[in-house]
Structure formats: structure tokens, C-alpha cells
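S.K.: this one's structure only:
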């Protein structure tokens with residue numbers, strides 16, 4: 001066979017294969033791996049989008065929590081899964097930070113994943129137990145300075161947005177507090193409500209219900225402006241100029257997942273974000289809606305990597 005003819009047949013076969021992916025996907029249930037415990041902010045967002053994908057794809061999308069090691073367990077499982085569109089990962093800040101936090105990773109955020117879309121971003125809410133004698137961010141900082149090393153704050157695990165955001169808060173405020181890592185934000189919230197901890201920076205939407213119920217006292221937000229869900233809370237930046245932390249959620253697939261499947265998922269996710277009822281539901285949680293191209297999401301991951309590597313180095317937050 002002549003080389004040109006062989007190449008033509010090869011290109012034809014590739015086109016048929018790609019068309020076949022688009023025509024047959026999905027033909028079985030899909031697993032959406034989540035790195036954080038049920039009940040936490042990431043879990044709430046993952047389940048919301050799993051429901052919308054189930055509706056649009058016609059196959060059940062199930063959230064599979066694989067908790068621990070700062071997201072590394074979930075990331076490794078997803079990275080080693082077949083690149084066929086039936087295993088996805090709900091990614092958060094750990095996809096951008098773990099390269100700086102860990103000296104050895106079994107996965108590479110740039111090489112092992114195909115970004116699908118950034119979905120939402122949420123501020124962190126500075127909360128305390130109602131029994132703590134502080135009414136605002138400035139009073140919390142003053143109390144912490146009087147009790148160096150005696151105040152405890154939780155996080156959803158080493159290297160999580162809660163951890164790094166709190167370390168940045170401590171650094172900028174000039175206070176010393178003890179980090180207590182949990183496997184997800186939910187258990188930390190419960191211990192704060194019980195009075196075992198002193199303060200926390202917790203991503204939306206989780207804190208809203210507890211603040212409105214009087215179980216927690218909100219002091220400030222990690223955004224530069226007030227947010228609609230909690231309009232009475234001033235930005236932490238009013239006390240610590242320039243303080244800003246957003247935690248984002250997005251979906252990635254194993255590297256090598258066919259482009260037509262990535263595009264199908266991207267289109268369905270963006271369509272969900274444009275649904276008025278779903279949009280209102282997410283905004284009521286205090287979330288900002290995005291919906292990006294795969295290329296835009298890849299750039300965000302790279303840019304966040306550069307930002308947080310500086311914070312990790314300055315605060316000594318490195319894990320190993």
C-alpha cells in the first residue's frame with residue numbers, strides 16, 4: 001500500500017473512532033471522585049453537579065469520596081483510572097498546591113489530567129464559636145495575640161484552602177495558632193460548634209446555615225467585597241488590607257480522555273450553570289459561577305500553582 005493511502009486510511013479510522021466516542025458515550029454509570037468527606041463544601045458542590053450530569057447524560061453519576069492525604073488519594077485514583085470518561089475528579093485547590101506541599105507525588109497535575117471546566121469559586125468565612133468573646137476580626141486578632149499558640153483552628157486537611165488560607169491569615173495578622181487537620185471540612189465544623197476549637201476559615205456554602213442558626217458567629221469574608229449570602233459580614237481585608245482567598249471547584253478527567261468526551265462534558269456542565277434554577281441554587285450558597293473552557297481551566301491551575309507556592313514557602317506549610 002502506498003504511504004499516502006495508508007495515511008488516509010489511518011486518518012479515516014481516527015475520525016470514525018472519535019465519532020464513535022461522541023455517539024456511544026456514555027453507555028454506563030460514571031464515577032465522580034471527591035477528595036473530601038461527605039457534608040463538606042466540596043461534597044455539596046460535587047453532588048449538585050453529579051445530579052445535573054445525571055440528567056443531561058442519561059447515566060447515573062455517583063460521587064465517590066476518597067478522603068485523605070490532602071487530596072492525593074483521590075488524585076492518584078483518578079490519574080490511574082482508564083481515560084474513557086467514566087471516571088472524573090472533582091478538583092479543588094489541591095491540584096495547584098500539592099506540588100509545593102509534597103516532595104514526592106505519584107501524580108502530576110499537568111501531565112496526568114485533562115481539565116474539563118472550572119465550575120464555581122467560593123470565599124472563606126472566618127467563624128468562631130459563639131462563646132468566644134470576640135465580635136469581629138480585629139477582636140479575634142487581639143485575643144490571639146494575648147494567647148499565642150493557645151488557639152486552635154481546623155482545616156479540611158494539610159494543604160487545603162482552609163489550611164493555606166488560615167496560614168495566610170495568621171501570617172498577615174501576626175498571630176500564632178495551632179493547626180488541627182481533619183479529613184474534610186465537615187468534622188472540623190462540628191468540633192468548632194461543640195466548642196473544642198476556637199476559629200476557622202471555612203469555604204462557602206457550609207458556614208451559612210450554622211451562622212444563621214446561631215451555632216457559629218461569622219466575623220468576615222475572604223473576598224474584597226461583601227457577599228450577597230452574608231451581607232452583614234465585612235471583608236477580612238478591611239482589617240488586613242489585601243487579604244483575599246477564593247477556593248474553586250472544577251472537574252478534570254484522566255489525561256488521554258478523548259477530546260470529544262471532554263467537550264461533551266464541558267458543554268453539559270456549562271449548560272447546567274446557565275439553568276436559572278440551578279444558578280439561583282448555587283448563588284444562594286454564596287458561590288460564584290464560572291464555567292470555563294478546558295484551556296482556561298488549565299491556565300487557572302498553573303497560575304494558582306505559582307501563587308500558593310509562595311505562600312507555602314513563606315509560612316513553612318510544606319508537608320514533606
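M.R.: Okay, I see it. Keep in mind that what you see is a predicted model, and the values were worked out from it rather than measured. Residues are numbered from 1 along each chain as shown.

S.K.: residue ranges with poor pLDDT in the stretch 151-300 of the chain?
M.R.: Filtered on pLDDT under 70, the stretch 151-300 of the chain yields no residues whatsoever.

S.K.: which residues in it form helices?
M.R.: Along the stretch 151-300 of the chain, counting by DSSP state H, counting those that start in this stretch, helices occupy 161-173, 185-193, 206-212, 259-273, 276-284, 294-315.

S.K.: Show me which of those has the highest average neighbour count.
M.R.: helix 161-173 (a mean of 23; mean count of other CB atoms under 10 Å). The way it works is simple: take the backbone N, C-alpha and C, and place the C-beta from them, glycine included.

S.K.: Run through the neighbouring helices and strands of that one.
M.R.: Under the contact definition 3 or more CB pairs under 8 Å, 6 or more residues apart in numbering; DSSP states H and E, helix 161-173 sits against strand 113-128, strand 152-155, strand 178-181, strand 199-203, strand 246-254, helix 294-315.

S.K.: Show me how this structure divides into domains.
M.R.: 18-122+247-315, 123-238 (automatic domain parsing).

S.K.: What is the burial count for residue 139?
M.R.: Neighbour count for residue 139, taken as other CB atoms under 10 Å: 15.

S.K.: same check, this time on the one 4 residues further on
M.R.: Neighbour count of residue 143, defined by other CB under 10 Å: 18.

S.K.: Against residue 151, how distant is it?
M.R.: 8 Å (CB to CB, to the nearest Å).

S.K.: cool, residue 223 as well?
M.R.: Between residue 223 and residue 151 the computed distance is 24 Å (CB to CB).

S.K.: Could you pull up the residues touching the spatially closest residue to residue 136 that is not a sequence neighbour?
M.R.: In this structure, residue 136 finds its nearest non-sequential neighbour in residue 219, 5.6 Å apart by CB to CB, 6 or more residues apart in numbering. Applying CB atoms under 8 Å, 6 or more residues apart in numbering, we find residue 219 in contact with 126, 127, 128, 134, 135, 136, 137, 140, 199, 233, 236.

S.K.: Helix or strand: which one has the fifth one?
M.R.: Spelled out, that is residue 135. Assigned by DSSP states H and E, residue 135 falls within no helix or strand.

S.K.: Adding distance to residue 43, write the helices and strands packed on helix 161-173 out as JSON lines.
M.R.: Below are these laid out as JSON lines (distance: least, CB to CB, whole Å):
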{"stretch": "strand 113-128", "distance to residue 43": "13"}
{"stretch": "strand 152-155", "distance to residue 43": "15"}
{"stretch": "strand 178-181", "distance to residue 43": "17"}
{"stretch": "strand 199-203", "distance to residue 43": "11"}
{"stretch": "strand 246-254", "distance to residue 43": "10"}
{"stretch": "helix 294-315", "distance to residue 43": "21"}
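
S.K.: Pick out the residue closest to the middle of this protein.
M.R.: Central residue of the chain (CA atoms, centre = their mean): residue 92, 2.6 Å from the mean position.
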